[in-house]
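In: kindly return the folded structure for what I paste below:
(one chain, ligands or ions: 1)
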Amino acid sequence: MTEQVAKTYFSKELLSWYRLQKRDLPWRKNRDPYRIWVSEIMLQQTRVDTVIPYYHTFMSKFPTVRSLAEAPEEEVLKCWEGLGYYSRARNLQAGARMVVEKYDGIIPDDKMAVSGLKGVGPYTSGAIMSIAFNRPEPAVDGNVMRVLSRYFCLEEDIAKPATRVGIEKLAVTLIPEGAAGDFNQALMELGALVCTPKSPSCLPCPVMEHCEARHTGRELELPIKTKAKAPRKEFRSAVIVLGKGENEGKILVRQRPATGLLAQMWELPHLQVPDDKSQWFSDSALKEQGELAEMLSHMVEGDTGLLIRPRNWLMDADHIFSHIVWKMRVYVTDLGEESVEDIRKLAAVSSEDLPMLAAESNEEYEVREVANTNSDVLTYRWISKEDMEQLPFPNLFLKILQYYWN
Ligand code: SF4
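Out: Below is the predicted model:
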């Protein structure tokens, strides 16, 4: 069989299969490029089942490019809360603002323009151009590389950029005339449902007859992919600081700096523990946490002037990023008696001699900006359970707060 025959067979069978079997997904209701763009960004690193409810909420809140561009960032992040990889949401909004400023709110039918939008890489631009505008552009992600590596028995390492470029060139030659959108979605669908990473369902596969990996029994060997490094562990400890007096029932939280990991999300005050103290995180060390409690007290006092007394361990929790795992140990703490009342008395005597304490003595200390050792600005505030519903938190902190409050 010639390569051309194998290609023609693949394209024809795959397209027919997709048109009969495709899943009814909310972003497939029409070809609005904005809807497709949002769905493709949400689907990066995230399963379809997880994305669907987020997609509905997001589209009802921000139904147009303009509504997304004009929304406060905090609202967009709140809508994304739980999906992870929050830079996706920020980039999506930055891209929407570009569309409003440069293209009057209309996503252009132009590959260069779409590729230039913030957060839009070769895969996403290919998906938007093919699905929304039916342009013969490849949309090659991990699923597509796996399917094509198996069908054509390609032995190049798919972790290498050059391999992706080669597969994109191959994918273009497979697109049937006038059917780019359906064909690219068919490829993604086959990779997601049939030609899966660990257990490809070759028997019902629509292209099995000419699949080289299947014929040679190599479907589980392919694609070749060099392993990524295991994520680095970071040991961290957080505190739930319970408010007193007018802040009774509230918890102290802070907002992360405007740039960097989880930028501008809210979190519990926490610190990174030096690697050589990782033994503090073993179960048997739970009762001997004096040094850790002291570090936490110093951090909160240094940042806010509040004195805290760690009371008891609440839970351990992990947060997995692509390159780091946070191993988080969480304590509940009381506020020291002197931290509110005594500061007020001191401030009343001489606020000039005690500028920092004086600052703590008025209501301002509830919402205050402090600089940490990296000169990044952190904003602290007290929140109630209702406030938690309004502010964007990374999943880890949201779960801890929900656990505590429920
Ligand atoms: S026959 Fe098997 S290995 Fe080949 S494309 Fe289909 S599911 Fe994948």
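In: CA only for contacts and neighbour counts going forward, please
Out: Noted.
In: residue ranges with poor pLDDT in the stretch 301-406 of the chain?
Out: Counting by pLDDT under 70, the ranges of the stretch 301-406 of the chain that qualify are 337-377.
In: mind doing that once more with 50?
Out: Applying pLDDT under 50 to the stretch 301-406 of the chain flags residues 340-375.
In: in it, which residue sits nearest the ligand?
Out: Taking C-alpha to the nearest ligand atom, the ligand has its nearest neighbour within the stretch 301-406 of the chain at residue 322, 26.7 Å off.
In: what about that residue, distance to residue 8?
Out: In this view, residue 322 and residue 8 are 38 Å apart by C-alpha to C-alpha, to the nearest Å.
In: more crowded one of those two?
Out: Under the neighbour definition other C-alpha atoms under 10 Å, residue 322 and residue 8 were set side by side, and residue 8 has more, 15 against 12.
In: what secondary structure does residue 236 sit in?
Out: Following DSSP: H, G, I helix; E, B strand; the rest coil, the label given to residue 236 is strand.
In: neighbours around it, how many?
Out: 22.
In: same check on the one 10 residues further on?
Out: Using other C-alpha under 10 Å, the number of residues around residue 246 comes to 8.
In: let me know the secondary structure of it.
Out: helix.
In: residue 105 too?
Out: At residue 105 the chain is in coil, as set by three-state DSSP.
In: quick one, what contacts it?
Out: By C-alpha atoms under 8 Å, 6 or more residues apart in numbering, the residues touching residue 105 are 65-66, 96, 99.
In: how near is it to residue 25?
Out: Counting by C-alpha to C-alpha, the gap from residue 105 to residue 25 is 25 Å.
In: same question, residue 112
Out: Distance, residue 112 to residue 25, by C-alpha to C-alpha: 28 Å.
In: cool, residue 274 as well?
Out: 46 Å.
In: can you name the residues in contact with stretch 33-49?
Out: 27-28, 51, 55, 59, 64-65, 83, 88, 92, 107, 124, 127-128, 131-133.
In: show me the residues you listed that map onto helices.
Out: Secondary structure assignment by DSSP state H places 51, 55, 59, 65, 88, 92, 124, 127-128, 131-133 of the contacts of stretch 33-49 in helices.
In: list, one by one, the residues from the stretch 1-150 of the chain near the ligand.
Out: Counting by C-alpha under 6 Å from any ligand atom, the stretch 1-150 of the chain comes close to the ligand at 147, 150.
In: swap the cut-off to 8 Å and go again
Out: With C-alpha under 8 Å from any ligand atom as the criterion, the stretch 1-150 of the chain meets the ligand at residues 146-148, 150.
In: which single one of the residues you listed is nearest to residue 405?
Out: Nearest to residue 405, judged by C-alpha to C-alpha, of those is residue 146 at 44.3 Å.
In: ok, that closest one touching residue 192?
Out: No: using C-alpha atoms under 8 Å, residue 146 is not in contact with residue 192; the gap is 10.2 Å.
In: and these two? Which one has more around it.
Out: residue 146 (23 against 18).
In: so that one is in which element?
Out: Here residue 146 sits within helix 142-151, counting by DSSP states H and E.
In: residues in contact with that helix: which ones?
Out: If you take C-alpha under 8 Å, 6+ apart as the criterion, helix 142-151 is touched by 154-155, 158, 164, 167, 187-188, 190-192, 195-197, 210-214, 218-219, 222-223.
In: what's the burial count for residue 325?
Out: Residue 325: 16 surrounding residues under other C-alpha under 10 Å.
In: and if you look at the one 5 residues further on?
Out: Residue 330 has 20 neighbouring residues, counting by other C-alpha under 10 Å.
In: could you dump the host helix or strand of residue 7 to PDB, C-alpha only?
Out: Element membership of residue 7 [criterion: DSSP H and E] is helix 3-21. The C-alpha atoms that make up helix 3-21 are tabulated as PDB, following Å, rounded to 0.1, in the frame of the first residue of the first chain:
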ATOM      1  CA  GLU A   3       1.600   6.200   1.600                       C
ATOM      2  CA  GLN A   4      -0.900   8.200  -0.400                       C
ATOM      3  CA  VAL A   5      -3.500   5.400  -0.200                       C
ATOM      4  CA  ALA A   6      -2.900   5.100   3.600                       C
ATOM      5  CA  LYS A   7      -3.500   8.900   3.900                       C
ATOM      6  CA  THR A   8      -6.600   9.000   1.800                       C
ATOM      7  CA  TYR A   9      -8.100   6.000   3.700                       C
ATOM      8  CA  PHE A  10      -7.300   7.600   7.000                       C
ATOM      9  CA  SER A  11      -8.900  11.000   6.200                       C
ATOM     10  CA  LYS A  12     -12.000   9.500   4.600                       C
ATOM     11  CA  GLU A  13     -12.700   6.900   7.300                       C
ATOM     12  CA  LEU A  14     -12.000   9.200  10.200                       C
ATOM     13  CA  LEU A  15     -14.200  12.000   8.900                       C
ATOM     14  CA  SER A  16     -17.200   9.600   8.300                       C
ATOM     15  CA  TRP A  17     -16.700   8.200  11.800                       C
ATOM     16  CA  TYR A  18     -16.700  11.600  13.400                       C
ATOM     17  CA  ARG A  19     -19.700  12.800  11.500                       C
ATOM     18  CA  LEU A  20     -21.700   9.800  12.800                       C
ATOM     19  CA  GLN A  21     -20.300   9.500  16.300                       C
END
